[in-house]
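[1] turn this into a structure:
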Amino acid sequence: MFEGLTERLGTVFDRLSGRGVLGEKDIDEALREVRVALLEADVALPVVKDFISKAREDALGEAVIRSIRPADQVVKIVYDGLVEMLGGETPTGLQLALNPPSVILMAGLQGSGKTTTSAKLALRLTKMDRQKVLMASLDTRRPAAMEQLATLGTQIGVDTLPIVAGQSAVDIAKRALQVAKLSGYDVVILDTAGRTTLDEQMMSEAAQIAQIASPTETLLVADSLTGQDAVRTAKAFHDRLPLTGLILTRADGDGRGGAALSMRAVTGLPIKFLGAGEKVEALDVFDARRVAGRILGQGDIVALVEKAATELDAAKAEATARKLAKGQFDLEMMSDQLAQMERMGGLQGVMGMLPGVGKMKQQIADSGMDDKSIKRQRAIIGSMTKTERKKPDILAASRKRRIAAGAGVDVAEVNRLLKQHRQMADAMKMMTRNGGAGFARMAQMLGGGGMDHLKSMGGGKSAQPDPEQLRQQLEKLQGGLGGAGSGLPGLGGGPALPPGFNPFKK
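    Predicted coordinates:
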């Protein structure tokens, strides 16, 4: 998401950074390009006008003119403006009732991903908030939608209201509330019917259900790929329903992102979640600071850490750490690491959260490393015997031909994998030198308390790590990996961290 906007803004700020002093003409020129970038990203014109007007006023202030690095101050002004546009510093979570059950009413047009999002939200409430959830489909006009919700409920282990033929949507809502109260459910998710277009009958039915259910949250599910149509849909629903928040789906496929930037400003409603993939786990809490950071190419280290913490198998990670501390890194371990990357969203998902990687996108593409190549690499390792995975040195030409045939690849690709493994194994051995100084520095980077400590470096679960502290730890880690030229193990080498590298510029 926001890929096109990130590239355009990156170009503008790179040009500014080459100038020691910024005059009014320079700032006007830069903001003009920012304005074009926002409009090309499909941000609503009134929102762009307000944004540029405030940014220009701040950029012409004394703080920028007298700054040692004025370009960084302009970036900070744009960052603050984006955060404000997207909803402010504090993420808006779900508001649940003090006396359960809490009712969450899901509204939206047909095809917006409402039913799938209901299941994603139910899974999140069950898994992370330990809530007992009941889902109910109110789409009486599309029996397939009811069956879809039941299937998803079985898949994620969440109860769904049994389907009774012939009941109206209002009657189903009443039955769901009664069952929830009698069976001790904490949350009821009501998945209302959708239409291909807005119509009065749909709105009246949804309004009637809202009056009966008295929902604590009424969430509009909107497809971010529809751009400004999503904004118009949100306004139309908000006129008839007491909406409390928005969920944007297909955020992973929106290269422009204007709907997300416009919706909060136009409707005044907070964006609560982003649907970032087809899997039922792919629902991210919307945090304006993190999104603004991604737009400006600063990545999202905290989100990466949280994903890793969620997907991490603690027992396996501990066993792996013990082996790594001894300088051991076999192909079985490499396959586990590749599988871990796939669970965290694949190479593109992980790299997109790393600071500054957006500028390396072409180099990464040229290297041939993508999510498909990761699957091929795992297939190659899977075609080996257990002994071969433990001792890759025994792989002679005949064994390589057999492995290549089993994985459906060329022998050359098997050789590339083995070379890549050797580079990673050498890097691991290097980290065990001097009594494991490299691993000590990595542990220090994670604060000894692991990933929880990294999340707390910025003062809270959703806060960014302190920029200077993170920079210092990364530089120390670079030294432990052998300094310049060590690059990124597993990506065929790459640039080492430059002096003064700061992933979160102030």
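[2] show me the domain layout of this structure.
    Domain assignment for the chain by automatic domain parsing gives 3-86, 102-289, 303-480.
[3] and the residue nearest to Ser102 when sequence neighbours are not counted, backbone torsions?
    In space, and not counting its chain neighbours, Ser102 is closest to Leu96: 4.2 Å by C-beta to C-beta, 6 or more residues apart in numbering. For glycine as for every other residue, the C-beta is placed from the backbone atoms N, C-alpha and C. With angles defined as degrees, to the nearest 10, Leu96 shows backbone torsions of phi -100, psi 150.
[4] okay, now Leu96: neighbour count?
    17 (other C-beta atoms under 10 Å).
[5] OK, contacts around it?
    102, 131, 186-187, 216-217 (C-beta atoms under 8 Å, 6 or more residues apart in numbering).
[6] between these, which is closest to Val75?
    Comparing the contacts of Leu96 against Val75 with C-beta to C-beta places Glu217 closest, at 35.2 Å.
[7] about what we covered before: mind putting the domains of the chain into a markdown table with mean neighbour count?
    A markdown table is the format used below for the domains of the chain (neighbours: other C-beta atoms under 10 Å):
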| stretch | mean neighbour count |
| --- | --- |
| domain 3-86 | 17 |
| domain 102-289 | 20 |
| domain 303-480 | 16 |
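[8] tell me which of those lies nearest to Ile295.
    Minimum separation from Ile295 across the domains of the chain (C-beta to C-beta) falls at domain 3-86, 5.6 Å.
[9] export the contacts of Leu96 to TSV and tack on pLDDT, distance to Leu152 and secondary structure?
    Supplementary listing: the contacts of Leu96 in TSV, determined by pLDDT from 0 to 100; distance: C-beta to C-beta, whole Å; DSSP: H, G, I helix; E, B strand; the rest coil:
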residue	pLDDT	distance to Leu152	secondary structure
Ser102	94	20	strand
Gln131	93	17	coil
Asp186	95	19	coil
Val187	95	16	strand
Thr216	93	22	coil
Glu217	93	19	strand
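[10] so who does Leu134 touch?
    101, 158-161, 176, 179-180, 183, 185, 187-189.
[11] shaky segments in the stretch 251-400 of the chain?
    252-258, 297-318, 321, 325, 327, 343-371 (pLDDT under 70).
[12] any chance you could map the helices in it?
    Using DSSP state H, counting those that start in this stretch, the helices of the stretch 251-400 of the chain run over residues 258-267, 288-295, 301-311, 314-325, 331-343, 346-351, 361-366, 371-382, 386-390, 397-407.
[13] what packs against the second one?
    Taking 3 or more C-beta pairs under 8 Å, 6 or more residues apart in numbering; DSSP states H and E as contact, the helices and strands that helix 288-295 lies on are helix 3-17, helix 70-86.
[14] following the first one, which helix or strand shows up next?
    Right, the one you point to is helix 3-17. Note on helix 3-17: by DSSP states H and E, the next helix or strand toward the C-terminus is helix 24-40.
[15] what helices or strands is that next one leaning on?
    Using 3+ C-beta pairs under 8 Å, 6+ apart, helix 24-40 is in contact with helix 3-17, helix 45-59, helix 70-86.
[16] what's the single longest helix in this protein?
    Ranked by residue count and defined by DSSP state H, the top helix of the chain is helix 411-431.
[17] by how many degrees do it and helix 397-407 diverge?
    In terms of direction (axes from the mean of the first three to the mean of the last three C-alpha atoms, to 10 degrees), helix 411-431 departs from helix 397-407 by 110 degrees.
[18] now helix 411-431 and helix 371-382, what's the angle there?
    90 degrees.
[19] what angle do helix 411-431 and helix 331-343 make?
    For helix 411-431 against helix 331-343, the angle by the same axes, to 10 degrees is 100 degrees.
[20] thinking again about what came up before, so which of the domains of the chain gets nearest Leu296?
    Taking these one by one with C-beta to C-beta, domain 3-86 is closest: 5.7 Å.
[21] what mean pLDDT does that closest one have?
    The average pLDDT within domain 3-86 is 77.
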